[in-house]
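Undergrad: Quick one, fold the following:
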Amino acid sequence: MRFAHLADTHLGYRQYNLDEREEDFYAAFHEAVDKIIAAKCDFVVHAGDLFDEPRPHIRAMVEVRKALGMLHESRIPIFTIPGNHDILMRRGAMIPHAIYRRIEVLTVKKPWREFNGIFIAGLPYHSKIHANALKEELHKLATEAKKYDKKILILHQGIDKYFPLEYELKFADIPRSFDYYALGHVHKRIIDDLGVGRLAYPGSTEMWRIDELSDYEKNGKGFFIVDVENFEIERVNLDVRPFVKAEVDSNLDLEKIKEALKVTKKPVINITVASDVHEYQRIYQRLVNELKDALYLDIKRRRPEEKEEALYDKTINIQELMNEVMKDYLEAERDYAYSIFKALLKGDLDEAKIVTEDFYKVFK
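TA: Numbering: from 1, shown residues only. As a prediction, this is how the structure comes out:
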């Protein structure tokens, strides 16, 4: 028996506000479904962020319905959990998956089911402020899992070992009771051992952000097919749009970049220009003229001065800065402050209110 493990399809995402980029995410999803059917997988697990937002475009919901119909015709059930992009942070809000009959959504109230003797468990995304509740639910699932020979756990979480800046779960807190840990949330492809089981992130099915490029160049984009007998993992790559990231100076050697324009799909090109202000204008115009066949051209200037260059090279992490300022506070208080910051940054007062109410319930 074999199953497909995919995650972070982010359907409906309209990168750079381009029709083509929205279509790319649908195309990658349907290519994955076609390959799953062709491989005659017995079932599918989707580890969260099916949609890019909890109120997805109608087009995104239609594309999911098409895919579910194809899987249903091939008698391939799909099990999933809500990721952070799928969840509207408001009490009583429904996830968009609720309108489909042909998808099995695992929730806190119904976190597991048996399929052909396999224990399939999963929990929706939990923010860091709810980490203790997540660990309690994981403990319950680990206890139930001991009754079965084959066990799969589906989670959509950042883990400190792989996502050190903004994790919700520590590696040591994950129960060692499962044969396969089907993870989502981190867009890189990761395969690791956990106890006697395998832990895997298949990564996103398309390029969601430019900082995913280095992993894509090494590991591709796609999903995994897993053999239940020994939980060996097969990588399946998808035909995604090429991205190019480069740095140029006044010499403006564009030969390698122009090679990327010869592929079937027009690439997204991200260029950093190292120059002074006056030279930058000339280089910028030449780049626009010579790379006009790119789908999207993103050009930024980096100041050549050493001090400013060091500043640009350093990633500023807001959570680390807040933790430093609040170093005398409890960890729970620091996590609450950062959660409020993220909610208010999005302008989501409802989420800020819920986070505050939940925090004070736990803090008491």
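Undergrad: ok, residue 250 touching residue 281?
TA: No: in this structure residue 250 lies outside contact range of residue 281 using Cβ atoms under 8 Å: 11.9 Å. (Each C-beta comes from the backbone N, C-alpha and C, glycine too.)
Undergrad: where do the helices sit along this structure?
TA: Shown for the chain, the helices assigned by DSSP state H span residues 19-38, 58-73, 131-145, 213-219, 255-259, 277-290, 306-313, 318-325, 331-345, 349-363.
Undergrad: Lowest average confidence across the ones you listed, which one?
TA: Across those, helix 306-313 has the smallest mean pLDDT, namely a mean of 41.
Undergrad: Pop the domain breakdown of this protein in here.
TA: Domains of the chain are assigned by automatic domain parsing as 2-237, 243-313, 318-363.
Undergrad: Can you give me the end-to-end span of the first one?
TA: End-to-end distance of domain 2-237: 17 Å, with Cα to Cα, to the nearest Å as the criterion.
Undergrad: Now do the same contact list for residue 231.
TA: Residue 231 is in contact with 179-180, 197-198, counting by Cβ atoms under 8 Å, 6 or more residues apart in numbering.
Undergrad: again but with residue 18, I slipped
TA: 295-296.
Undergrad: measure it to residue 96 for me?
TA: 23 Å (Cβ to Cβ, to the nearest Å).
Undergrad: Check residue 214 too.
TA: 32 Å.
Undergrad: neighbour-wise, which of the two wins?
TA: residue 96 (21 against 11; other Cβ atoms under 10 Å).
Undergrad: so the more buried one makes contact with residue 57?
TA: No: Residue 96 is beyond contact range of residue 57, at 10.3 Å (criterion: Cβ under 8 Å).
Undergrad: most distant residue from the middle of this structure?
TA: residue 278 (39.6 Å; Cα atoms, centre = their mean).
Undergrad: State the distance from that residue to residue 254.
TA: 20 Å.
Undergrad: Also residue 283?
TA: In terms of Cβ to Cβ, residue 283 sits 10 Å off from residue 254.
Undergrad: Compare those two (neighbour count), which wins?
TA: The neighbour comparison of residue 283 against residue 254 (other Cβ under 10 Å) goes to residue 283, with 20 against 16.
Undergrad: In contact with the more buried one, which residues are there?
TA: Applying Cβ under 8 Å, 6+ apart, the residues near residue 283 are 248, 250, 252, 273, 275.
Undergrad: How many residues are close by the last one?
TA: What that stands for is residue 275. 19.
Undergrad: so what pLDDT did the closest residue to residue 195 other than its chain neighbours get?
TA: Among residues not flanking residue 195 along the chain, residue 176 sits closest, at 3.2 Å (Cβ to Cβ, 6 or more residues apart in numbering). On pLDDT, residue 176 comes in at 94.
Undergrad: Tell me the spacing between residue 176 and residue 100.
TA: Applying Cβ to Cβ to residue 176 and residue 100 gives a distance of 33 Å.
Undergrad: Those two: which has the busier surroundings?
TA: residue 100 (16 against 10).
Undergrad: How about the backbone phi and psi for the more buried one?
TA: phi -100, psi 140 (degrees, to the nearest 10).
Undergrad: which residues touch it?
TA: Contacts of residue 100 (Cβ under 8 Å, 6+ apart): 64-65, 68.
Undergrad: Of these, which is the nearest to residue 293?
TA: Distance to residue 293 across the contacts of residue 100 (Cβ to Cβ) is lowest for residue 64, with 32.7 Å.
Undergrad: Quick check, that closest one in contact with residue 11.
TA: Yes: counting by Cβ under 8 Å, residue 64 does reach residue 11; the two are 6.4 Å apart.
Undergrad: what touches both of these two?
TA: 50-51.
Undergrad: what about burial for the contacts of residue 283, which qualify?
TA: 248, 273, 275 (16 or more other Cβ atoms under 10 Å).
Undergrad: Could you provide the residues you listed in TSV, with additional columns for distance to residue 259 and pLDDT?
TA: Formatted as TSV, the buried ones among the contacts of residue 283 follow (distance: Cβ to Cβ, whole Å; pLDDT from 0 to 100):
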residue	distance to residue 259	pLDDT
248	15	87
273	19	91
275	23	82
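Undergrad: Among those, name the ones in strands.
TA: 248, 273 (DSSP state E).
Undergrad: between the buried ones among the contacts of residue 283, which is nearest residue 202?
TA: Scanning the buried ones among the contacts of residue 283 for proximity to residue 202, where the rule is Cβ to Cβ, the winner is residue 248, at 33.8 Å.
Undergrad: can you tell me how far that closest one sits from residue 204?
TA: In this structure, residue 248 and residue 204 are 28 Å apart, going by Cβ to Cβ.
Undergrad: that older thread, name the stretch among the helices of the chain that sits most buried.
TA: helix 19-38 (a mean of 19; mean count of other Cβ atoms under 10 Å).
Undergrad: list the helices and strands that helix packs on?
TA: strand 2-6, helix 58-73, strand 222-227 (3 or more Cβ pairs under 8 Å, 6 or more residues apart in numbering; DSSP states H and E).
Undergrad: Identify whichever of the ones you listed lies nearest to residue 157.
TA: The nearest among the helices and strands packed on helix 19-38, by Cβ to Cβ, is strand 2-6 at 15.1 Å.
Undergrad: if I pick residue 241, what's in contact with it?
TA: Taking Cβ under 8 Å, 6+ apart as the test, what residue 241 contacts is 20-21, 24, 206-207, 265-268, 295.
Undergrad: Among these, which one lies nearest to residue 233?
TA: Out of those, the member with the shortest distance to residue 233 (by Cβ to Cβ) is residue 206, at 20.5 Å.
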